[in-house]
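Trainee: Just the structure for this:
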Amino acid sequence: MAAGGFSKLPNGTVVVALNLPSPTADGPSAPGGVRVLVHAQNRARALTRLRNLGLRAVYLRGNAAPPTPDEITAVLHHPDGLIWRTAPDAGGLGPMELWHPIRALLRRPAAPA
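Mentor: Numbering: from 1, shown residues only. Here you go, the predicted structure:
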């Protein structure tokens, strides 16, 4: 993985943040990649949640890009505890996109008629 990290919360749960390449190469989601946030009991369960959705090659090595306080708040307030948005560019500049539920990222584009 290019970047990722985690934060342990006071109640013992963790929030894992990963920068991933866009799973839909030709989809409208994100040409450069996506930032995915997962709230789970521990890091292993967070990665298992992503793998169960079909993102098989997901690993967390190190803690180079942990979730920000704003990202933690966003994932804790989402009912699924699993959200994504377009990864910011290298300079961190540009408009900030709203968070989306993970099913919006994994939805396959409709076949042409």
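Trainee: dump the residue contacts of residue 34.
Mentor: Residues counted as contacts of residue 34 (Cβ atoms under 8 Å, 6 or more residues apart in numbering) are 19-23, 84-87, 105. To be clear about C-beta, it is placed using only N, CA and C from the backbone, and glycine gets the same treatment.
Trainee: Check the most centrally placed residue in the chain and give its pLDDT.
Mentor: By Cα atoms, centre = their mean, the mean C-alpha position of the chain lies nearest to residue 36, the distance being 0.5 Å. Confidence at residue 36, expressed as pLDDT, is 91.
Trainee: How about the secondary structure of it?
Mentor: strand (DSSP: H, G, I helix; E, B strand; the rest coil).
Trainee: Tell me who's in contact with it.
Mentor: 17-20, 50, 82-84, 102, 105.
Trainee: shaky segments in this protein?
Mentor: Within the chain, the stretches falling below the threshold (pLDDT under 70) are 1-2, 22-32, 89-95, 107-113.
Trainee: Helices of that one, residue ranges please.
Mentor: Counting by DSSP state H, the chain has helices at residues 43-52, 69-76, 102-106.
Trainee: quick one: which of the contacts of residue 34 is most hemmed in?
Mentor: Highest neighbour count within the contacts of residue 34, by other Cβ atoms under 10 Å: residue 84, with 24 neighbours.
Trainee: Could you measure from that residue over to residue 11?
Mentor: As defined by Cβ to Cβ, to the nearest Å, residue 84 lies at a distance of 23 Å from residue 11.
Trainee: and residue 69, how many neighbours?
Mentor: For residue 69, the neighbour count with other Cβ under 10 Å is 8.
Trainee: Specify the beta-bridge partners of the residue lying closest to residue 71 once chain neighbours are set aside.
Mentor: In space, residue 71 comes closest to residue 37 once its chain neighbours are excluded; the distance is 5.5 Å by Cβ to Cβ, 6 or more residues apart in numbering. Note on residue 37: beta-bridge partners by DSSP bridges are residue 17, residue 83.
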